[in-house]
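*Asks:* Next one to model:
(one chain, ligands or ions: 1)
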Amino acid sequence: MHNLNDDALNLLFRDARTYSAWLNRPVEDDTLRQLYDLARWGPTSANAGPARFLFVRSPEAKERLRPALSPGNVEKTMTAPVTVIIAYDLKFYDKLPRLFPHNPAMRDVFANNPQLVEVTAKRNSSLQGAYLMLAARALGLDCGPMSGFDNDRVDKQFFAAGRCEDCEQEFFPEGHVKSNFLCNLGCGDRSKLYSRSPRLEFTEACTLL
Ligand SMILES: Cc1cc2nc3c(=O)[nH]c(=O)nc-3n(C[C@H](O)[C@H](O)[C@H](O)COP(=O)(O)O)c2cc1C
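*Replies:* Predicted coordinates for the structure are as follows:
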């Protein structure tokens, strides 16, 4: 078993902060591809990988996002080099024959149980969003996650049926993708950070049985 050294642990956890202000440094598309290439290896139920990631980069796309944002999240989002919409595909089970080939019955377990689909998609897309943030930090990017926005508006704007005709992504046109949370990405401005808030101690948050 190998351990990451302290520098790596600091980068991923101890020194990693939630950023609201950004330095004027772009994030290349190639970096976003590397980001997904790392994050996709995190575990999910039945290896389903229900998360879908929409990287909002252009000023035009950012303007489509603006009306859905809570007032406190507008400035930080509009100035961030990239805002990822972490979403989930409610038809994730259609890809299970490829992603979970050793149990072909799994597709129908989900297809016949919408409640299970919903809880699985939400739980695992949240996990995948966390994997994405850790991958971003590992690549030297900073993150600013947000749930302060109108999910329905985002879904109508970015995932509604037939609203994204020139997208390459096969999951857009049918309207079965829903937003979970947002995450700004870029090079954060450390000088604008508040001091770090505390975290619960081991004895408060954990139990050893
Ligand atoms: C799922 C999620 C939703 C969040 N929503 C918002 C938000 O809408 N607006 C905001 O300013 N910060 C938001 N935050 C940021 C948290 O307040 C922040 O991560 C936390 O206080 C820890 O800050 P630190 O990483 O700098 O220690 C959110 C964080 C997470 C993980």
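*Asks:* When you work out contacts or count neighbours from here on, use the C-alpha atoms and nothing else.
*Replies:* Noted.
*Asks:* following the longest helix anywhere in the chain, which helix or strand comes up?
*Replies:* Ranked by residue count under DSSP state H, the longest helix found in the chain is helix 114-138. Per DSSP states H and E, the first helix or strand lying C-terminal to helix 114-138 is strand 142-146.
*Asks:* So which elements touch that following strand?
*Replies:* On a contact count with 3 or more Cα pairs under 8 Å, 6 or more residues apart in numbering; DSSP states H and E, strand 142-146 meets helix 114-138, strand 177-186.
*Asks:* C-alpha coordinates for it, CSV please?
*Replies:* Only the C-alpha atoms of strand 142-146 are listed here, as CSV (Å, rounded to 0.1, in the frame of the first residue of the first chain):
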residue,chain,number,x,y,z
ASP,A,142,-9.6,25.2,-7.6
CYS,A,143,-13.3,24.6,-7.0
GLY,A,144,-16.4,26.5,-5.9
PRO,A,145,-19.4,24.1,-5.5
MET,A,146,-22.9,25.6,-5.3
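*Asks:* What are the buried residues along whichever helix or strand comes after that strand?
*Replies:* Past strand 142-146, further along toward the C-terminus, the next helix or strand under DSSP H and E is helix 151-159. Neighbour-count burial for helix 151-159 flags Asn151, Arg153, Val154, Asp155, Gln157, Phe158, Phe159 (criterion: 16 or more other Cα atoms under 10 Å).
*Asks:* Export those as a markdown table, with columns for distance to Leu208.
*Replies:* Putting the buried residues of helix 151-159 into a markdown table (distance: Cα to Cα, whole Å) gives the following:
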| residue | distance to Leu208 |
| --- | --- |
| Asn151 | 38 |
| Arg153 | 43 |
| Val154 | 41 |
| Asp155 | 41 |
| Gln157 | 46 |
| Phe158 | 44 |
| Phe159 | 43 |
